[in-house]
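Colleague: with the input below, show me the fold.
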Amino acid sequence: MIVRDLAPVEADEVARQLVDLPGLVFLDSSMRPEALGVHAGLGRWSYVAADPWTTLTVRSGRAFRDGSEVSGAPLDELRRLLAFTTRPTGSADLPPFAGGAIGYVSYDFGRRLERLPEPASAEPVPEMVFGFYDTFVAFDHVESRVRLISTGRPETGRAARRRRAQERAEHFLMRLERPARTEAEAPVRLDFRPTVARATHEARVAAAIEHVLAGDIFQVNLAQRFVAALPPGFDPLAFHTRLRRVNPAPFSAFLDFGEVSIASSSPERFLELRDGRIEARPIKGTARRLDDPAEDVLAAARLATSEKDRAENVMIVDLMRNDLSKVCDDDSIDVPVLCGIESYAGIHHLVSVVTGRVTEGRDAIDALAAAFPGGSITGAPKIRAEEIITELEGHGRGVYCGSIGYIGHDGAMDLDIAIRTVVFRAGEATFSVGGGITALSDPAAEYEETLVKAARILAAARGEASAACGTPGGRREAAE
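Modeller: Below is the predicted model:
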């Protein structure tokens, strides 16, 4: 393994330097640790990688490696390619990701884990894409340290691996010496429109409430979808640059896998696995930030004591405890934070933390299979909630509400919940926003909540680059 310290540079600049390479990925902690306060550990690391040595793609439950179908089940093939080993020798100083797979798992991959109905209209993106990266740049935002890391994979012999690591490091260093591609002077706007009328979404919310009152479910997450045509010359990476400015978040990401590109500014961790310990951070409960500092504090306090939001959050905590118990020691499941407040640009969230110790013999792939998709974006009970989502939304979710992140060769994993996420494909951009529906929900209020969550994406689509921008209702939101 080759590790080279680099001069200080912004992660988004490195992404622009490597944008012409295939498979560019940027796991982007765009919300800095100092802004996260007590949650500073969430925003410490960013990674930029490109030119994977192989790519695993899943379509309709079938796995393909570099375009050729393989016989194994998708998760078995993912595990085989990762070939889990211990951390590299002398790795104490390495970042949490030390080489491995970076990509996404779509929400619709959940149909390969459980018997679930197909939506009336499928989302035409792969169910899973992971590139396998041997060379990448890691950014430590706490120590202000930038390092190029080259592992030498997939070579297995010691000499061959060392030789490849050296060659790849030199190749990337040459590219990083070139000036970054500049952003377009005039950002190209996107004209997003909802795919259903307000009355239709509110009717779906009312139908979801009836399911709750009938005892089918306790809660369900229901979303509405926005779509825009991509104008000629549209640059998804430039859009991500705007999005990370107007909506900084600890689990932002940009992925370019050719047929599909993704710009995301998610605040929510799905699962982190490190040194045998697993953590989930489900979000349930949202309130809009306010301009006046005193009013903003009151808004957060009201959220913290909201009967509806706390009930939603506690139900999902119970669901996550159950999911993690499938792969964790029975006595290890803990909830160190229940219904804590996290504040982001434009939004306060109610967040809990669920942890556990993974049972010996279980790994990151087992944990992914046990808990996917995250309970915070399905509902409870999970499978019945997923059935109702398919029935009421009528369209596959694709990347939205799936997971983006990494799984390392050493078994470490950090995946988010892909909310606040825009997908670019076939001349079209799409995103969805939703909320948890319970017996206490009001259809009009639930619709308004989706607009609060959409506001920052719509601001980026308008070409705004300031961290303070208006909501659909016209009132300015306070920047984090």
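Colleague: just the element for G285, please.
Modeller: G285 belongs to strand 283-288 when assigned by DSSP states H and E.
Colleague: list the neighbouring strands of that strand plus their orientation.
Modeller: Each strand that pairs with strand 283-288, with its direction, by DSSP bridges: strand 347-357 (antiparallel).
Colleague: just checking, what packs against whichever helix or strand comes after the strand it pairs with?
Modeller: The helix or strand immediately downstream of strand 347-357 is helix 364-371, counting by DSSP H and E. The contact analysis (3 or more CB pairs under 8 Å, 6 or more residues apart in numbering; DSSP states H and E) places helix 364-371 against helix 74-82, strand 269-274, helix 307-325, strand 403-408, strand 413-416. Placement of C-beta: from N, CA and C, glycine included.
Colleague: packing partners of the longest one?
Modeller: Right, helix 307-325. Applying 3+ CB pairs under 8 Å, 6+ apart, one finds that helix 307-325 contacts strand 219-229, strand 277-280, strand 283-288, strand 334-344, strand 347-357, helix 364-371, strand 379-380.
Colleague: now do the first one
Modeller: If you count contacts as 3+ CB pairs under 8 Å, 6+ apart, helix 74-82 packs onto strand 54-59, strand 62-65, strand 100-105, strand 128-133, helix 364-371, strand 403-408.
Colleague: nearest to H240, out of these?
Modeller: Between H240 and the helices and strands packed on helix 74-82, the tightest spacing by CB to CB is seen for strand 403-408, at 12.3 Å.
Colleague: return the distance of that closest one from the chain's centre.
Modeller: The gap between the average C-alpha position of strand 403-408 and the chain average comes to 9 Å, counting by CA atoms, centre = their mean, to the nearest Å.
Colleague: for it, packing partners?
Modeller: In terms of contact count using 3+ CB pairs under 8 Å, 6+ apart, strand 403-408 is assigned the packing partners strand 25-28, helix 74-82, strand 100-105, strand 251-256, strand 261-266, strand 269-274, helix 364-371, strand 413-416.
Colleague: CA atoms only: put that strand into PDB for me.
Modeller: As requested, C-alpha coordinates have been extracted for strand 403-408 and formatted as PDB (Å, rounded to 0.1, in the frame of the first residue of the first chain):
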ATOM      1  CA  SER A 403     -28.300   3.600   0.500                       C
ATOM      2  CA  ILE A 404     -25.000   5.200  -0.700                       C
ATOM      3  CA  GLY A 405     -21.600   4.600   0.800                       C
ATOM      4  CA  TYR A 406     -18.700   2.200   1.100                       C
ATOM      5  CA  ILE A 407     -17.900  -1.400   2.200                       C
ATOM      6  CA  GLY A 408     -14.200  -1.900   2.700                       C
END
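Colleague: quick one, that strand and strand 128-133 angle?
Modeller: Using axes from the mean of the first three to the mean of the last three CA atoms, to 10 degrees, one finds that strand 403-408 and strand 128-133 are set 40 degrees apart in direction.
Colleague: one step back: can I get the helices and strands packed on strand 403-408 in JSON lines including distance to R244?
Modeller: JSON lines is the format used below for these (distance: least, CB to CB, whole Å):
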{"stretch": "strand 25-28", "distance to R244": "6"}
{"stretch": "helix 74-82", "distance to R244": "28"}
{"stretch": "strand 100-105", "distance to R244": "17"}
{"stretch": "strand 251-256", "distance to R244": "5"}
{"stretch": "strand 261-266", "distance to R244": "6"}
{"stretch": "strand 269-274", "distance to R244": "17"}
{"stretch": "helix 364-371", "distance to R244": "26"}
{"stretch": "strand 413-416", "distance to R244": "14"}
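Colleague: next, format these as a markdown table and append distance to V146, mean neighbour count and mean pLDDT.
Modeller: Below are the helices and strands packed on strand 403-408 laid out as a markdown table (distance: least, CB to CB, whole Å; neighbours: other CB atoms under 10 Å; pLDDT from 0 to 100):
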| stretch | distance to V146 | mean neighbour count | mean pLDDT |
| --- | --- | --- | --- |
| strand 25-28 | 14 | 28 | 98 |
| helix 74-82 | 26 | 19 | 97 |
| strand 100-105 | 18 | 28 | 98 |
| strand 251-256 | 18 | 26 | 98 |
| strand 261-266 | 22 | 26 | 97 |
| strand 269-274 | 22 | 24 | 97 |
| helix 364-371 | 26 | 21 | 98 |
| strand 413-416 | 19 | 26 | 98 |
